[in-house]
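Colleague: I would like to see how this sequence folds:
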Amino acid sequence: MPALHGIEALAEEGRSEYWAALALRCTEGLSRHSVRALLGFFGSAYEAVRSCRRWPEAGVSGLLAEKYLRNAWREKAAPEWKAAHGLDAEIILWTDPRYPSRLRHTDDAPPLLYVKGDASLLDSPCVAVIGSRRCSRSGADAAAAIGRELSAAGITVVSGAAAGIDQAAQLASAPLQGRSVIVLASGLLAPMQNAELCRRVSARGALISEFPPYFPASRATFPVRNRIISGLSLGVMVVEAGSEKSGSLITARIAAEQGRSVYVPAPGTIRGPYPEGTKALLLEGATPVCSGSDIIADLLPHLKEDMRSLEERPRSEASAAHTAPCGGGSPDHDFPSRQAPLHEQPESAPESKGVISALEAPCSNNSHHTDNAVHNTCINKKHTESHQVEDDESFIISLLEELPMAPDDLLHTAMEHDSAWTARRLSSLLMVMEVKRLIRRRADARYEAL
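Modeller: Got it, this is the predicted structure:
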């Protein structure tokens, strides 16, 4: 049976959440920051629209709630809902455990993402490699070398789809482990710049967009897109930025605001004059690096934290319903309809109900005893989590001391010992151990202990 995509892959709760996310995004005057504030306060788009009378509690004007209740957003949302039927991509919603955790913690994260390809890459260790479309040959060579080095170490390379630096980094990283992500400034079904590059990356990596499927790219969509590039990434490498008005500088400054590390080539590492835009970033405090290894070494504490967070995630996430929101109940009253929004909808906002008061309450906390149990578990975990990485390292070294092994063989052997091992966990660990010079990757792609 072929895999389902688009709306067809969503459970009923997921469809309600998706329709609610469209409602928030299409409500006039509701900014990206306001949508994010509602998602953070209520826990889901569905609960946000269900509780629109309480928007002022989340710091969002009650006047915007009134605009939502007038239902003008439906006309904008309906075409996107229709386009998502049969869409050859996954819809990752705010309530989906696969929603990328780094992006989730930014203050203007989108309520949904469309993903064509491997969605798991979005929450893997990522570094953005970006720069000028009209780059120098030396700059393109440097981008390719950095992309190749990061991907070989198990780090996902993130960029746009432009010619120049973006293309060089993507073409170098995609053939290795498929660890490449392109963030589009258009919808997935709109005409794409560099369509061949997008096709190659989607086959092994991932294309993502927050825009409606047929939404075209424009000058206004690129800065909006740039916050996703930096939001997914642990750090942003600006290989070459020709002027102080470069889009790469916008991304780098957004990254700095998001608390991400920003890197530029160390003076002298790229032939030719040092570009003005790159120089501006260096003067603003960007970290100069000579290679991808320098970036990996600088990000080592974050990479360890990524590994720790993977350990802390419940194993049930892998089998969790993709988009079930916290709240239960049937939304078949006023909003959101479990039927397609193209069916008849009330022309005006409900008077007395306004929102669906008949629904069950959202998920509540468990009993006081459960809270205490969770608290005690967290205390105990703090005593042991600092040793988890070291224990894993010792285990991998014991395997490699016998003979060099390829990653697939290592994973198979590790899973025979403990079924909790995953490819992501092993990939991150090998990367950290290589930086710490505990192991090395040989020319035949096998690892050996040092």
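Colleague: Can you point out the buried residues in stretch 106-118?
Modeller: 106, 108-118 (16 or more other CB atoms under 10 Å). C-betas here are computed from N, CA, C, even on glycine.
Colleague: Moving C-terminal from the helix or strand hosting Trp19, which element do we reach first?
Modeller: Of the helices and strands defined by DSSP states H and E, Trp19 is found in helix 12-26. As assigned by DSSP H and E, the chain's next helix or strand after helix 12-26 is helix 32-42.
Colleague: Return the set of buried residues in that next one.
Modeller: Applying 16+ other CB under 10 Å to helix 32-42 flags 32, 34-42 as buried.
Colleague: got these as a markdown table, with distance to Ala21 columns?
Modeller: Formatted as a markdown table, the buried residues of helix 32-42 follow (distance: CB to CB, whole Å):
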| residue | distance to Ala21 |
| --- | --- |
| Arg32 | 12 |
| Ser34 | 14 |
| Val35 | 9 |
| Arg36 | 12 |
| Ala37 | 14 |
| Leu38 | 10 |
| Leu39 | 9 |
| Gly40 | 14 |
| Phe41 | 15 |
| Phe42 | 12 |
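Colleague: What about the closest residue to Leu429 other than its chain neighbours, how many residues nearby?
Modeller: In this structure, Leu429 finds its nearest non-sequential neighbour in Asp392, 5.5 Å apart by CB to CB, 6 or more residues apart in numbering. Using other CB atoms under 10 Å, Asp392 has 21 neighbouring residues.
Colleague: isn't Asp392 right up against Val432?
Modeller: No: using CB atoms under 8 Å, Asp392 is not in contact with Val432; the gap is 9.4 Å.
Colleague: Tell me where the stretch 1-150 of the chain has helices.
Modeller: Counting by DSSP state H, counting those that start in this stretch, the stretch 1-150 of the chain has helices at residues 12-26, 32-42, 45-50, 62-69, 73-83, 101-104, 137-152.
Colleague: Show me what the third one is packed against.
Modeller: The elements that helix 45-50 packs onto, with contact taken as 3 or more CB pairs under 8 Å, 6 or more residues apart in numbering; DSSP states H and E, are helix 12-26, helix 32-42.
Colleague: Make a markdown table out of these and add distance to Thr287.
Modeller: Below are the helices and strands packed on helix 45-50 laid out as a markdown table (distance: least, CB to CB, whole Å):
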| stretch | distance to Thr287 |
| --- | --- |
| helix 12-26 | 35 |
| helix 32-42 | 28 |
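Colleague: so which of the ones you listed gets nearest Glu276?
Modeller: Glu276 sits nearest to helix 32-42 of all these, at 30.3 Å, using CB to CB.
Colleague: if we can go back for a sec, can I get the helices and strands packed on helix 45-50 in CSV with mean pLDDT and distance to Val49?
Modeller: Formatted as CSV, the helices and strands packed on helix 45-50 follow (pLDDT from 0 to 100; distance: least, CB to CB, whole Å):
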stretch, mean pLDDT, distance to Val49
helix 12-26, 96, 5
helix 32-42, 96, 9
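Colleague: quick one, which of those helices is nearest to Leu69?
Modeller: Ranking those by proximity to Leu69 (CB to CB) places helix 12-26 first, at 10.5 Å.
Colleague: Please point out which parts of the closest one sit buried.
Modeller: Result for helix 12-26 [16+ other CB under 10 Å]: buried residues 13-26.
Colleague: Let me have those residues in CSV, adding distance to Ala84 as columns.
Modeller: Shown next, in CSV, are those (distance: CB to CB, whole Å):
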residue, distance to Ala84
Glu13, 16
Gly14, 11
Arg15, 10
Ser16, 14
Glu17, 13
Tyr18, 7
Trp19, 10
Ala20, 14
Ala21, 11
Leu22, 9
Ala23, 14
Leu24, 16
Arg25, 13
Cys26, 14
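Colleague: Go through these and say which is closest to Cys126.
Modeller: Distances from Cys126 to those, taken as CB to CB, are shortest for Ala21 (23.3 Å).
Colleague: Would you check that the closest one makes contact with Pro111?
Modeller: Yes: look at Ala21 against Pro111 with CB under 8 Å: they come within range, at 3.9 Å.
Colleague: which residues are in contact with both of these two?
Modeller: 45, 93-94 (CB atoms under 8 Å, 6 or more residues apart in numbering).
Colleague: Buried by neighbour count, from those: which ones?
Modeller: 45, 93-94.
Colleague: between those, which is closest to Phe215?
Modeller: Leu93 (18.0 Å).
Colleague: For the closest one, give me its contacts.
Modeller: Leu93 is in contact with 14, 17-18, 21, 45, 99, 111-112, 322-323, counting by CB under 8 Å, 6+ apart.
Colleague: for those, which one is nearest Glu149?
Modeller: Tyr99 (28.5 Å).
Colleague: quick one on the thing from earlier: for the helix holding Trp19, packing partners?
Modeller: Using 3+ CB pairs under 8 Å, 6+ apart, the elements in contact with helix 12-26 are helix 32-42, helix 45-50, helix 73-83, strand 90-93, strand 112-117.
Colleague: Just checking, which helix or strand succeeds the helix or strand of the chain with the lowest mean pLDDT along the chain?
Modeller: Scoring the helices and strands of the chain by mean pLDDT, DSSP states H and E places helix 368-384 at the bottom, with a mean of 40. Using DSSP H and E, the helix or strand that follows helix 368-384 in sequence is helix 388-400.
Colleague: Go through that next one and flag the buried ones.
Modeller: 389, 392-393, 395-396, 399-400.
Colleague: Assumed Ile208 was part of a strand.
Modeller: Yes: looking at Ile208 with DSSP: H, G, I helix; E, B strand; the rest coil, it is inside a strand.
Colleague: Break this structure into its domains for me.
Modeller: Here the domain parsing of the chain from automatic domain parsing is 1-87+328-364, 112-303, 367-449.
Colleague: Lowest mean pLDDT across those domains, which one is that?
Modeller: Ranked by mean pLDDT, those end with domain 367-449 at the bottom, a mean of 70.
Colleague: and the residue nearest to Leu30 when sequence neighbours are not counted, how many neighbours does it have?
Modeller: Sequence neighbours aside, Leu64 is the residue nearest to Leu30 in space, at 5.3 Å (criterion: CB to CB, 6+ apart). Per other CB under 10 Å, the neighbour tally for Leu64 reads 20.
Colleague: My guess is Leu64 contacts Ser34. True?
Modeller: Yes: between Leu64 and Ser34 there is a contact at 6.8 Å, judged by CB under 8 Å.
Colleague: just checking, Gly131 touches Leu249?
Modeller: No: look at Gly131 against Leu249 with CB under 8 Å: they stay out of range, at 10.3 Å.
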